[in-house]
Each structure stands twice: as C-alpha cells, then as structure tokens.
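> Below is the sequence, then the predicted model.
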Amino acid sequence: MIDINLIRTNPELVKENIKKKFQDNKLELVDKVILLDKENRNLKAEGDDLRAKRNAISTQIGALMKEKKIDVANEKKLEVANINSRIKEIEEKEEKISADIKQIMMVIPNIVDSSVPVGKDDSENVQLEVFGEIKELDFEIPYHADIINSFNGLDKDSAGRTSGNGFYYLMGDCARLVSAMLSYARDYMIDKNFIYAIPPFMIRSDVVTGVMSFAEMDAMMYKIEGEDLFLIGTSEHSMIGKFKDQIIKEQSLPITMTSYSPCFRKEVGAHGIEERGIYRVHQFEKQEMIVICKPEESMEWYNKMWSYTVEIFRNMNIPVRTLECCTGDLADLKVKSCDIEAWSPRQKKFFEVGSCSTLGDAQARRLGIRIKGENGNYFAHTLNNTVLASTRALIALLENNYNSDGSVNIPEVLRPYMGGKEIIKPNK
C-alpha cells in the first residue's frame with residue numbers, strides 16, 4: 001500500500017506506474033481516491049470547527065448558569081446538542097469514507113523501482129547472470145519422477161488415496177536428501193547471522209491481507225473452515241506478521257531471520273497440478289529468509305539475499321541464473337523482484353526454484369510496522385527470499401548430479417547430513 005500523500009502530491013506518477021504494470025483498469029481508482037480524500041478532509045475540517053465551537057459554547061453556558069440566565073443557557077445547550085448530532089454524523093461519514101479509501105488503496109499497486117524493466121508478463125523477464133558451467137552430456141536424463149522411482153522414493157498413488165491429486169509420499173534416500181538440503185540451507189543462513197525460527201503454520205486474515213494482494217490470496221491460500229485462519233503458502237507471511245503493530249528501535253536493525261515451514265498452496269490457474277511429478281504440488285517444505293531494515297538499506301539487502309540462494313545451489317553443483325521480473329510480472333506489493341532459476345539438463349532450460357523481493361514499505365504500512373528514529377517514527381522496509389524449496393530443489397539436485405548408470409552423486413556439502421554417503425544408487 002502506497003502513501004496517500006503520494007496520490008495527493010503526484011497522482012500522475014501513480015498513474016504512470018499503473019500503466020507500466022499494464023493495469024489501466026485501475027487508473028480511475030487514483031481519481032476516486034483523490035475525490036474521497038478531499039471529501040474526508042473537508043469533513044474533518046468541519047468537525048474540528050464544530051468541536052471548537054462546542055467548546056466555546058460550553059464555556060458560555062457555564063458563565064450563563066453562574067449569572068442565572070437559565071433560558072439563554074438552555075438555548076445554548078440545545079445548540080450544543082445540534083452540534084453533537086452533526087459531529088456524530090460527520091464521524092460516521094469519515095469512518096465510511098476512510099474504509100472506502102483504504103479498500104481502494106489496497107488495490108493500487110506499489111511504485112516499482114526505476115531499474116525494473118517494463119514488460120507485460122513473465123515472457124518479458126530479463127536474464128541478468130548465469131552462475132556455473134552448463135555441461136553437454138552424452139546421455140539422457142530421465143524425468144525426475146522416474147529418477148525418484150528408481151530409488152523407490154515416490155508414491156503418488158497412495159497419496160492420491162489419502163489426500164488427492166497434488167500430494168505425494170517421499171521415501172528413503174530421496175526423503176533424506178530433502179531433509180539434508182533443508183538442514184544445509186538452515187545452517188548456511190545461520191552462518192550468515194540470520195536467526196533461525198519455526199513460525200506458526202496458520203495465520204489470521206488481517207496478516208494475510210497485510211502481506212499480499214487479494215488476488216494472490218485467492219489463488220494461493222487455503223482457508224480453515226469456520227475459523228479466521230489460513231494455511232501459510234510460505235513462512236514469509238507469518239514471519240513478517242510477527243512484527244505487526246510493532247515499533248522497532250532503529251539501533252536493533254536490520255532484523256534478519258530464516259524460517260522453516262511446510263507450505264500449502266491451492267495452485268489455481270492455467271498451469272494446474274503436475275500429475276506425475278513434484279514440480280507443482282499442493283504441499284512442500286521451504287527454508288525462507290526475511291529482512292526488516294531501514295529504507296536506505298533495502299536495496300543492499302536485496303542483492304545480498306538473492307546471492308545467498310545462488311551460492312547454496314552452486315554448492316550443490318547446480319548451475320543457476322537470475323532473472324529480473326518485469327513490471328507486468330511483479331505482484332502489486334513488490335518494488336523489485338528476481339527469480340532464481342536452476343538448470344534442467346533434461347529439458348535443456350532453466351526453471352524457477354526461488355524468488356527474491358523487496359516490497360519497500362508496502363507491507364509495513366498495511367501491518368503497522370514502524371521504526372523509532374531520532375526524528376520520529378517511520379515505516380520499515382521488508383524483504384523476503386526463498387532459500388530453498390524442497391521439491392524443486394530436489395528435482396534440480398537429482399538432474400544435475402545424475403550419472404549415466406542411474407546413480408546420483410551427493411554434493412559434498414550435504415554428505416554430513418546423509419550419514420557420510422557420497423552416492424545413492426537405484427534399486428535393481
């Protein structure tokens with residue numbers, strides 16, 4: 001949510017930003033906010049004048065009563081009663097208009113950074129850099145579900161019976177590999193001085209609407225029937241929500257945290273749920289990182305955060321690239337975002353394994369996260385980044401460490417978490 005002062009002082013900038021995001025249907029919302037805001041400020045001014053007038057009359061009533069001018073005092077009391085009635089009417093209108101303004105402001109997109117490329121959708125995202133050598137192989141890489149099945153590691157049939165399409169059982173060495181990757185990612189982030197946390201896996205609606213747009217919420221979140229609770233789609237939501245309505249001392253910044261959680265997603269949309277594999281599923285595990293910092297430090301942290309994910313994947317022998325998200329691919333709260341994509345030697349292309357974003361003060365405004373500074377309070381900046389998502393990281397690891405005999409090399413950084421194993425071999 002942007003600052004309403006920006007709409008008051010520079011509505012054309014807000015409109016130009018909407019056009020950059022190819023959301024021209026929202027242009028009229030800017031003018032609507034301006035009109036509502038003007039009406040609200042006029043009501044506030046009238047209310048303030050009436051309160052001042054009421055106070056003055058009340059003083060007069062006291063003096064008239066002392067002078068025994070009861071009839072005049074009663075007339076003044078009637079005037080105060082009429083003023084009170086109008087003030088109540090004004091306050092009710094102010095409350096409704098304020099709610100209308102907030103609802104509209106929640107839909108107007110955040111101002112994107114000037115460095116973000118303009119584009120309609122993800123097809124116009126821009127490659128930034130490739131990390132690691134992409135090798136030519138003289139053998140075929142099987143589909144990832146077939147690789148996992150060769151280790152007796154995947155059971156989607158049983159999951160279909162217990163839970164339905166989009167769920168799975170991971171077993172044996174493949175399940176252990178997922179745990180190893182998550183443990184390695186956790187320890188890597190701790191070594192970077194991030195505080196480790198296991199957050200709540202359900203959050204209330206006021207936290208959900210504080211961290212994401214309504215469209216994202218509808219597409220992602222599972223609601224708990226009969227309760228004001230949603231299953232988290234990523235632990236970033238509950239981790240940022242941890243600081244809701246808090247005033248953070250400036251000297252305690254930046255706050256850097258890394259969190260583990262299962263993640264639950266409806267995965268509504270044209271892409272659907274993957275029938276055989278585990279690339280797009282309803283449930284997976286994730287190591288996440290979040291940063292809360294001063295505004296002037298957010299871009300520096302943004303660049304640090306995505307570089308951590310790149311290093312983790314490179315340490316697992318996986319080539320990756322960073323992809324700058326264009327304006328049309330940015331969620332409404334985001335200022336700047338890049339995807340981290342891993343190389344698939346089977347498909348001979350990159351696929352998304354994580355995303356790093358800075359949201360400016362948008363989440364902080366919605367959730368009331370402020371910093372106590374020398375010259376007063378101001379809104380914090382929030383950032384988040386995927387450290388490692390279990391299913392997609394497993395796909396990338398298996399494909400990039402696959403051998404022609406069907407075995408998979410275990411990257412050196414994961415061996416301490418795998419009991420010293422250096423390789424896993426398919427079951428004959």
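Arrived safely, thanks for sending.
> which other helices and strands contact the host helix or strand of Ile240?
For Ile240, the host element (DSSP states H and E) is helix 235-241. Packing partners of helix 235-241 (3 or more Cβ pairs under 8 Å, 6 or more residues apart in numbering; DSSP states H and E): strand 202-203, helix 205-211, strand 255-264, strand 283-293, helix 362-367, strand 381-389. Every residue, glycine included, has its C-beta placed from N, CA and C.
> contact partners of the first one?
Here strand 202-203 makes contact (Cβ atoms under 8 Å, 6 or more residues apart in numbering) with Ile224, Leu229, Phe230, Leu231, Ile232, His237, Ser238, Gly241.
> Out of the helices and strands packed on helix 235-241, the one nearest Ser344 is which?
For Ser344, the closest of the helices and strands packed on helix 235-241 is strand 381-389, at 15.0 Å, according to Cβ to Cβ.
> Check which helices and strands that closest one sits against.
helix 172-191, helix 235-241, strand 283-293, helix 298-314, strand 349-358, helix 362-367.
> got the angle for the fourth one vs strand 349-358?
Going by axes from the mean of the first three to the mean of the last three Cα atoms, to 10 degrees, helix 298-314 is angled at 150 degrees with respect to strand 349-358.
> and the helix or strand just after helix 298-314, which strands flank it?
Next helix or strand after helix 298-314 toward the C-terminus (DSSP H and E): strand 320-324. As defined by DSSP bridges, the strand partners of strand 320-324 come to strand 126-131 (antiparallel), strand 336-344 (antiparallel).
> which residues sit in contact with the closest residue to Asn403 other than its chain neighbours?
In this structure, Asn403 finds its nearest non-sequential neighbour in Asn409, 6.6 Å apart by Cβ to Cβ, 6 or more residues apart in numbering. When contacts are counted by Cβ under 8 Å, 6+ apart, Asn409 is found next to Asn317, Asn401, Asn403, Glu422, Ile423.
> So what's the residue count around the residue nearest to the first one when sequence neighbours are not counted?
Once its chain neighbours are removed from consideration, Asn317 has its nearest residue in Pro411; the separation is 5.3 Å (Cβ to Cβ, 6+ apart). The burial metric for Pro411, expressed as a neighbour count using other Cβ atoms under 10 Å, is 22.
> Check the one 10 residues further on too.
For Lys421, the tally of surrounding residues (other Cβ under 10 Å) stands at 14.
> show me what contacts it?
Asp173, Ile410, Arg415.
> To which secondary structure element type does the residue of the chain positioned farthest from its centre belong?
For the chain, the largest distance from the centre (Cα atoms, centre = their mean) belongs to Lys68, which lies 66.5 Å off. Here Lys68 is recorded as coil under DSSP: H, G, I helix; E, B strand; the rest coil.
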